[in-house]
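S.K.: Provided below for reference: sequence and predicted model.
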Amino acid sequence: MSADMGSLELQRQVAQAVHLLNHDLHSCNRVAANQWLVQFQHTNAAWEVATSILAVDSSQTHDFEVELFAAQVLKRKIQNDAVNLSPEGRSALQNALLMSAKKFSNGPPQLLTQICVALSALVLRAVEWRKPVEQLFASLNELQGQGTGSNAVLELLTVLPEEVIEDQTVSVDSGMRWQFSQELLSHTGAVLEFLLQLCNDKGLQNTPLHERQRKVLRCLLSWVRVGCFLEIPHSSIPGHPLLGFVYSSLQDPSTFDLAVEVLTELVSRHEGLPQALLPRMLVVKDALLMPALAAGKESIISGLASLMAELGQAAPALVAQPSSEALALADSLLRCVAFPSCDWEIAESTLQFWCTLAEYLLAAEETQDQLKQQALAAYIPVYTALLDALVIRAQVGDSDYVEDDLDGISGLPDGLTLFRKNLDEPLADICRLLGPIQFLATLLRGAEAWSLFESPTPWRAVEARLFALHTVADVMVQEGQLSDLTPVMHLIVVLHSGSPQIDPGLMHLVHKSAAQVVGSYSGWIHNFPTAVLPLLSFLAAGLTVPLAAGASAAGLRKLCEDVPDISQEPSNIEGLLRIGEEVHAVQLSLQEEEDVMCAVGRVLSTVTSSIDVNSALERLLKPTHAAMETLLETDSEGSLRLHSAAYAASLEAGIRAVHRLGVLFSQLMPSSNGDGPILRVVAHFWPLFERLLSSRHMEDSGLALATCRSLSHAIQASGRQFSSLLPNVLTAMYKNFLSFQSHVCFIRTAAVAVEEFGHEQEHGPLFVETLRVFTVSDAMAAMTTSYSCDQEPELAEAYFGFTTTFVRCCPKEVVAAADLLLEISFNHATICCTAMHRGAALATMSYMSSFLEVGLSSLSDSRSILEGSLLTVVSRICLQCGENIISGMLYALLGVSAMTRVHKATMILQQLAALCYLSVGTENKLPLQWSSLQGWLVAAVQALPPEYLKPGEVDILIATWLKAMEAAASDIYKMQAVQNGGRPGGGGYLRGDGGRSLKRVLREFAEAHRYTVPTYGQS
């Protein structure tokens, strides 16, 4: 595009490109035209060309599409490039836009709007010089007196406030926006007077009445949103003529929606207005709402429901007074809730009103004020009726829904699913207001007839009432009043045994809601001992229904956890065993299977006869053993290569079998005599585990995770009796990790083993060897930067979790024997503590703190130093890594989520300082000295890039931190003096004054450098 091209030629090219973009049949031409126009918009020539297009006689030169494009170009350039305009250029552009607005005052409306938006954007960005709003209003006065100029004035007055509210671009700061809004509001009186003139048929003579009224309402809405009525006395608002105009506009269907918006905005912004509008709602109810309800006019009902709900929310104290107007408002909203609309938006729009009013009434319930008690009594019938209305609206409709409209989890239409979620708070408030007994009586009215099947049962209503009963379970249980659930229990029992004629889809919903009720009220079911076995059968049947399976499994688990004497009846145990035996044949999720096995395991753990438990476990685990055998007999090598469907099915069954076994391990109680049921199970399944761990099947992450979790539960549940298998388990863990280093579950299970058996000296070499394999693995060797730690955060968490367990649980001699491995791991830790991943960083810092803690513990146990002792090892590693420790803490406090790392960083620095502080008094002096700490701190701070610290901060930081660490170290010295029989001192970690002072220093450092983004860690 040449710079010397004339304006007229550019106008012609713009017009041609716009026509090509909008009408050419060839996509390549449209793409080329679009690229040219985009390029054109970024040129300086676009200012003049776009202005000229709008100024020339459009009937001879351009059409609407070109003019609209020109207006949009000016709007975008003003929003993005207005800062480059000179004051003279802005003034000329403003005048040109005003002339264009006058020119197109009669339309097209879209073009006039774009011109006015461009003009508003220009005035907003010129607010810092010579009061542009004042100048604009002076120009508007001239424009208003010129023919049809009132159209342009009204449109501009409409978009000016919208520019303040809606244009949130970075190019306009908040101060400029505030100044613009204040200048606008200073003209409130003139604007409202102008709107009143238009209401009185003065101006816009050629515009139809309903269109003129809509334009006035739209303009008024913009000014209400920007706060125009805050500029006039509050007492004059209720009687303002414009409010009367808005109220009368409610009666006109063509202006109803805008009138509702204006009134809603006014009610939410002005405290005194609800009191003036409430009496008028009686007329609105009779004149508008009741006819609309009778005629089924949803748009009118929806608008009035929204307005009335907003009015009630704005003044709950006013509505809570049982006046005729307040009760009429509540009745109106109650009718809106009950209206059978095709969706749930009308009822949903009122929910917050009912919650706000209930909250006020519940607060009144706690007072002795007689008037408030009367208000509460007056609204009890209203909320009783509301409960009925909400339950009806929560029912599944009679329509056959298209599958795409249904929520996959709930089996309900998406809109109804959302509506039910939003009923949690309203139903809970109603339950508190009515009280559990009255709530239940209202909800279960007629429930005795549900299970008789003598007359058609309203299953849709039954399902909705069961849903409501489940929703308020927490409130019912908290109130502690035992309500009569007999009709519900009877219905559930009969549902399973009877054969009601009901649509299968609806039956599944009923089954799901009933199962949720069983789970929610499981703590009360011990009052119905004869119902336990039928309930178990009912929940078992629900496991075969995909829609009800999750609720049934969760209900089964809750039932077995909360009914203490369920195992005393042999028929109950038999029923549970049948469920457990068949669970592998039902299509359940892993979570659902876990719930079922937890239920069975929980009950078996309460059985006192070991013979009965062994017999039960044999039956229960037979399918599990078979599934694992089948998987082990599969040709994993060939099947893995071919990814056959048969192998996938066998693998899935094997994963589920191992998972179920692990859940049982977690539920069974360990035996103290060495011959308990759990040990029998472990002994029976260990050969399968051993074969599994040595197979290529472990390549699958799901199977590896299930196997490791199952073994972890077995280790924890078996206690000391697992010791003989420990070498085999740990060897399998580290060998499998070497083969599949992405499976960190092997490290986690090894950590569980060390935690349980670490105190046993005999296993020390085994634990050291396990640490060695993990530490020298390729995966850990590659973790040389914080970035690599962020790439493998789960590995970092698992590894440093293992090392933490190792130094905490193993004897000091065993820990000392792993000195070289600990040195490697500690070097890794000083890097990984700066990782951006919060979990990985905190796990690393926990290891560092644990390592320093065992050193301090050794120092307090003995003041003499032996070669090769744990204290010697800790001192040597600290001497080598001291600067890196402090550097790591600095970077950790400069990084992402720094405030979450302050606590652990404080502990690490306090422990390191204490080691240096206390080492001075040892008999054979340790290489650690207080001067060592000083040198590390100075070197670490001075090594920070200069942009990370403020000018002159280096010296202050070193002095402040050194003083705080010395005070924190003295806390530990005083603590050890107390432990050794000395006089009580200042407390332990972070509890003494020194520790708290150090934590405060680190927190202030992290807060002051919150927006520092460092390059983490050493490479």
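M.R.: Nice, thanks for sending it over.
S.K.: please make it C-alpha for all contacts and neighbour counts, starting now.
M.R.: OK.
S.K.: quick check, central residue of this protein?
M.R.: Central residue of the chain (C-alpha atoms, centre = their mean): K421, 15.5 Å from the mean position.
S.K.: in terms of pLDDT, where does that one sit?
M.R.: Listed pLDDT for K421 reads 94.
S.K.: for L466, same thing?
M.R.: Looking at L466, the pLDDT reads 94.
S.K.: and it, how many neighbours does it have?
M.R.: Residues near L466, counting by other C-alpha atoms under 10 Å, number 23.
S.K.: what do you get for C833?
M.R.: C833: 32 neighbours (other C-alpha under 10 Å).
S.K.: okay, buried residues for stretch 211-226 please.
M.R.: Using 16 or more other C-alpha atoms under 10 Å as the test for burial, stretch 211-226 gives 212-226.
S.K.: for these, which one is nearest S248?
M.R.: Nearest to S248, judged by C-alpha to C-alpha, of the buried residues of stretch 211-226 is Q213 at 10.7 Å.
S.K.: quick one: contacts for that closest one?
M.R.: By C-alpha atoms under 8 Å, 6 or more residues apart in numbering, the contact list for Q213 reads 199, 249, 255.
S.K.: follow-up on the earlier one: which of the buried residues of stretch 211-226 lies closest to E574?
M.R.: R225 (68.3 Å).
S.K.: which of the buried residues of stretch 211-226 sits closest to K77?
M.R.: Set against K77, the nearest of those by C-alpha to C-alpha is S222 (24.3 Å).
S.K.: quick check: the closest one vs A15, distance?
M.R.: Per C-alpha to C-alpha, to the nearest Å, S222 is found 34 Å from A15.
S.K.: please apply the same query to V164.
M.R.: In this view, V164 and A15 are 33 Å apart by C-alpha to C-alpha.
S.K.: still on that earlier bit, distance of the residue nearest to the centre of the chain from Y647?
M.R.: For K421, the distance to Y647 equals 41 Å [C-alpha to C-alpha].
S.K.: can you list contacts of the strand or helix carrying V164?
M.R.: Using DSSP states H and E, V164 sits within helix 149-166. Applying C-alpha under 8 Å, 6+ apart, the contact partners of helix 149-166 are 101-102, 104-106, 112-113, 116-117, 120-121, 124, 140, 143-144, 177, 180-181, 184, 191, 203-204, 215-216, 218-220, 222-223, 225-226.
S.K.: buried set for it?
M.R.: For helix 149-166, burial by neighbour count (16+ other C-alpha under 10 Å) applies to 149-164.
S.K.: in the longest helix seen in the chain, what's buried?
M.R.: In terms of residue count, the longest helix belonging to the chain (DSSP state H) is helix 953-979. For helix 953-979, the buried set under the neighbour-count rule, 16+ other C-alpha under 10 Å, comprises 957-958, 961-962, 964-976.
S.K.: next, the distance between the ends of stretch 412-432.
M.R.: Its first and final residues considered, stretch 412-432 spans 28 Å by C-alpha to C-alpha.
S.K.: ok, R660 touching Q591?
M.R.: No. Using C-alpha atoms under 8 Å, R660 makes no contact with Q591, being 10.2 Å away.
S.K.: of these two, which one has the most company?
M.R.: Taking other C-alpha under 10 Å, R660 and Q591 do not tie; R660 has more neighbours (26 against 13).
S.K.: list the buried ones in whichever strand or helix holds that one?
M.R.: Using DSSP H and E, R660 sits in helix 645-667. Within helix 645-667, the residues that qualify as buried by neighbour count (16+ other C-alpha under 10 Å) are 647, 650-651, 653-667.
S.K.: avg pLDDT for the helix or strand that it is followed by?
M.R.: On the C-terminal side of helix 645-667, the closest following helix or strand by DSSP H and E is helix 677-693. For helix 677-693, mean pLDDT rounds to 90.
S.K.: so helix 677-693 versus helix 645-667, what angle?
M.R.: Using axes from the mean of the first three to the mean of the last three C-alpha atoms, to 10 degrees, one finds that helix 677-693 and helix 645-667 are set 150 degrees apart in direction.
S.K.: and the contacts of helix 677-693?
M.R.: Contacts for helix 677-693 (C-alpha under 8 Å, 6+ apart): 610, 613-614, 617, 625, 628-629, 632, 665, 668-671, 698, 707, 714, 717-718, 721-722, 732, 736.
S.K.: which ones among these map onto strands?
M.R.: In strands, judged by DSSP state E, none of the contacts of helix 677-693 are found.
S.K.: V38: neighbour count?
M.R.: Other residues within reach of V38, judged by other C-alpha under 10 Å, total 12.
S.K.: quick one: the strands in the chain, in order.
M.R.: Using DSSP E, no strands are found in the chain.
S.K.: burial count for A287?
M.R.: Look at A287: counted by other C-alpha under 10 Å, it has 12 neighbours.
S.K.: go on, F64?
M.R.: 15.
S.K.: any idea how far L8 is from it?
M.R.: Distance of F64 to L8, given as C-alpha to C-alpha: 18 Å.
S.K.: what does I824 give?
M.R.: In this structure, I824 lies at 76 Å from L8, with C-alpha to C-alpha as the measure.
S.K.: neighbour count for those two, which is higher?
M.R.: Neighbours per residue, other C-alpha under 10 Å: of I824 and L8, the larger number sits with I824, 15 against 12.
S.K.: which residues are in contact with the more buried one?
M.R.: T775.
S.K.: for L434, which non-adjacent residue is closest in space?
M.R.: I380 (6.6 Å; C-alpha to C-alpha, 6 or more residues apart in numbering).
S.K.: cool, and L632?
M.R.: Among residues not flanking L632 along the chain, L692 sits closest, at 6.7 Å (C-alpha to C-alpha, 6+ apart).
S.K.: what is the burial count for that neighbour?
M.R.: Close neighbours of L692, defined as other C-alpha under 10 Å, add up to 19.
S.K.: again with G296
M.R.: Neighbours of G296 under the rule other C-alpha under 10 Å: 14.
S.K.: next: E947.
M.R.: Using other C-alpha under 10 Å, E947 has 9 other residues around it.
S.K.: from L893, how far out is it?
M.R.: E947 is 15 Å from L893, by C-alpha to C-alpha.
S.K.: which ones are touching the spatially closest residue to Q395 that is not a sequence neighbour?
M.R.: Excluding its sequence neighbours, the residue lying closest to Q395 (C-alpha to C-alpha, 6+ apart) is A464, at 5.1 Å. Applying C-alpha under 8 Å, 6+ apart to A464 gives the contacts 391-392, 394-396.
S.K.: 7 Å - rerun?
M.R.: Neighbour list for A464: 391, 394-395 [criterion: C-alpha atoms under 7 Å, 6 or more residues apart in numbering].
S.K.: among those, name the ones in helices.
M.R.: Counting by DSSP H, those place V391 in helices.
S.K.: using TSV, lay out the contacts of A464 together with distance to A314, neighbour count and pLDDT.
M.R.: Below are the contacts of A464 laid out as TSV (distance: C-alpha to C-alpha, whole Å; neighbours: other C-alpha atoms under 10 Å; pLDDT from 0 to 100):
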residue	distance to A314	neighbour count	pLDDT
V391	26	23	96
A394	27	22	94
Q395	30	19	93
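S.K.: flag every buried residue along stretch 266-275.
M.R.: For stretch 266-275, burial by neighbour count (16+ other C-alpha under 10 Å) applies to 266-269, 272-274.
S.K.: closest to D565 out of those?
M.R.: When the buried residues of stretch 266-275 are ranked by distance to D565 (C-alpha to C-alpha), S268 comes first, at 56.2 Å.
S.K.: that closest one reaches G312, doesn't it?
M.R.: No. Contact criterion C-alpha atoms under 7 Å: S268 and G312 do not qualify, at 10.0 Å.
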